[in-house]
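> 3D, please:
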Amino acid sequence: MENGTHVNHQGGGGGGGGGLVDTTAATITIKGILSLLLQNVDEAESKKRLISLGMGDPTAFSCFHTTHIAQEAVVDAIQSDKFNGYSPTVGLPQTRRAIAEYLSRDLPYNLTTDDVFVTSGCTQAIDVTLAMLARPGANILLPRPGFPIYELCSAFRNLEVRHFDLLQESGWEVNLDAVEALADQNTVAMVIVNPGNPCGNVYSYQHLEKIAETAKKLRILVIADEVYGHLAFGDKPFVPMGVFGSTVPVLTLGSLSKRWIVPGWRLGWFVTTDPCGTFRKPKVIERIKKYFDILGGPATFIQAAVPSILEKTEEVFFKKTIYLLKQSSDICSDRIKDIPCLTCPNKPEGSMAVMVKLDLSLLEDISDDIDFCFKLAKEESVIFLPGTAVGLKNWIRVTFAADPPSLEEAFRRTKSFYQRVKVTTDSTVHSTQN
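So this is what the prediction gives:
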């Protein structure tokens, strides 16, 4: 679900990001800005291999790979010769049923096949959701920092975006007072991402309950982006927002991508976790189905593999992934402590990324987070995502889903970069005299 930012960049002196960078929220995509950073890397000149900690794709590192169960399920589906044609536009019935049963394991009620719509990754699920909610004059409440594809899709749908802040000092919890202040009679929904991207936070049961109660009071839906569902390794377990579906209607978005480490398979879901039946009205169902008629879903054989993947994957696979993420997040947190210009105020508890604060006062000739990331990429062949891309200027997002040696090397190079650009006593005196 990592998508790019449309960013126009003209390299400044020293290969920095000092040129024109369009950081308008409605035009930002993660892949776009990462593409520009990649163009700035000169491995031949630096003689250093590229280490990218900017994209949430763990398959780039050999320690992360999917289970043999998933691979065998796909092979079996292909070799059966039964899944070479079109699937129903809302997804194969057995796929929808398997997803409903999988999600129901963690809910106080059972989902049905009719509650599930299969999408081409979670990104398409986001697009479907906003398309269904868009109407003249409508607005939607989005978290800041957040995942920029929501802004981009909203712009295409003419949905007004209103941002509520996530409170860093409270573990990136939702500022519910801000949500209440922002909402009006034209607000259609609020979005939460749990486990958090880009912050690496995990919401407690109690906080999710407060979110549900606030949304109920405001008479709005909750869109629960749970693409990192179950990837929690801190003190708080993952709790799906659908647990509170009886309090407020919830649209749950998810995919196989992260938990099964197969982002390229593009298998996601849009699910109405709504036991009170708000979304079961005939006109609503018909509108959703008609919209799916114009979409292209995942490959039929990938859909056909889903029941076996969801039913047969062993717990040991999940535990290994959690262990690797916990190990890599610890390395990330520890090594950041050795770099004075970087601070990690909230240790990651889940997902695959964390927000790191950049102290520009300690750096010479670095104008902002974009400039820092472009110069680091050029000089050290290390890529971080500028926080501006996710709505938080002068922070960076670090994706820690990487093998330990690559993480160690990336932070060693970043520390070396800091040593070269840090403010020195001489430069401080010179600045004071001027």
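
> now Phe317: how far from Ala131?
Per CB to CB, to the nearest Å, Phe317 is found 35 Å from Ala131. C-betas here are computed from N, CA, C, even on glycine.

> ditto for Thr187
17 Å.

> those two: which is more packed in?
Remark: of Thr187 and Ala131, Thr187 carries more neighbours, 20 against 17, as counted by other CB atoms under 10 Å.

> just list the residues touching the more buried one, thanks.
Neighbour list for Thr187: 138-141, 162, 218, 220 [criterion: CB atoms under 8 Å, 6 or more residues apart in numbering].

> identify, from the residues you listed, the entry nearest to Arg412.
Leu141 (40.8 Å; CB to CB).

> neighbours of the closest one, how many?
Neighbour count for Leu141, taken as other CB under 10 Å: 24.

> and Pro198, how close does it get to Ala389?
Applying CB to CB, the value for Pro198 to Ala389 is 9 Å.

> contacts only, for Ser257.
Counting by CB under 8 Å, 6+ apart, Ser257 has contacts 1, 121-122, 227, 263, 265-268.

> could you pull out the helices for this protein?
Ranges of helices in the chain, per DSSP state H, are 30-40, 43-46, 68-79, 93-104, 121-133, 149-156, 176-182, 205-218, 282-292, 300-312, 315-336, 369-380, 404-421, 425-433.

> these two touch, right, Leu392 and Leu358?
No: here Leu392 lies out of contact with Leu358, judged by CB atoms under 8 Å, at a distance of 10.0 Å.

> hmm, back to that, narrow the contacts of Ser257 to those in strands?
The strands, defined by DSSP state E, take in Gly268 from the contacts of Ser257.

> of the contacts of Ser257, buried ones?
Among those, the ones that count as buried by 16 or more other CB atoms under 10 Å are 1, 121-122, 227, 263, 265-268.

> and Gln168, how many neighbours?
Neighbour count of Gln168, defined by other CB under 10 Å: 17.

> my bad, should have said Trp269
27.

> repeat for Phe156
Phe156 has 12 neighbours, counted by other CB under 10 Å.

> gap between it and Glu169?
Distance of Phe156 to Glu169, computed by CB to CB: 34 Å.

> just Phe411 next, same as before
Here the distance between Phe411 and Glu169 works out to 25 Å (CB to CB).

> more neighbours: which of those two?
The neighbour comparison of Phe411 against Glu169 (other CB under 10 Å) goes to Phe411, with 23 against 8.

> which ones are touching that one?
Residues in contact with Phe411 (CB under 8 Å, 6+ apart) are 331-332, 335-336, 338-339.

> now do Ala401
The neighbourhood of Ala401, defined by CB under 8 Å, 6+ apart, consists of 56-58, 61, 64, 324-325, 328, 352-353.

> nearest to Glu180, of those residues?
Among the contacts of Ala401, and counting by CB to CB, the member closest to Glu180 is Ala353, at 28.3 Å.

> number of nearby residues for the closest one?
Other residues lying near Ala353 total 28 when counted by other CB under 10 Å.

> so can I have JSON lines of the contacts of Phe411 showing distance to Val74, pLDDT and neighbour count?
What follows is those, written out as JSON lines (distance: CB to CB, whole Å; pLDDT from 0 to 100; neighbours: other CB atoms under 10 Å):
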{"residue": "Ile331", "distance to Val74": "32", "pLDDT": "98", "neighbour count": "20"}
{"residue": "Cys332", "distance to Val74": "32", "pLDDT": "98", "neighbour count": "25"}
{"residue": "Arg335", "distance to Val74": "37", "pLDDT": "98", "neighbour count": "19"}
{"residue": "Ile336", "distance to Val74": "38", "pLDDT": "98", "neighbour count": "20"}
{"residue": "Asp338", "distance to Val74": "42", "pLDDT": "97", "neighbour count": "12"}
{"residue": "Ile339", "distance to Val74": "42", "pLDDT": "98", "neighbour count": "21"}
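
> ok so, going back, which of the contacts of Thr187 fall in strands?
139-141, 162.

> could you dump these into CSV and include distance to Ala183?
As requested, the ones in strands among the contacts of Thr187 are exported to CSV (distance: CB to CB, whole Å):
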residue, distance to Ala183
Asn139, 8
Ile140, 10
Leu141, 7
Arg162, 8
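
> top of the residues you listed by neighbour count?
Ile140 (26 neighbours).

> show me what that one is bridged to.
Beta-bridge pairing for Ile140 (DSSP bridges): Val161, Ala189.
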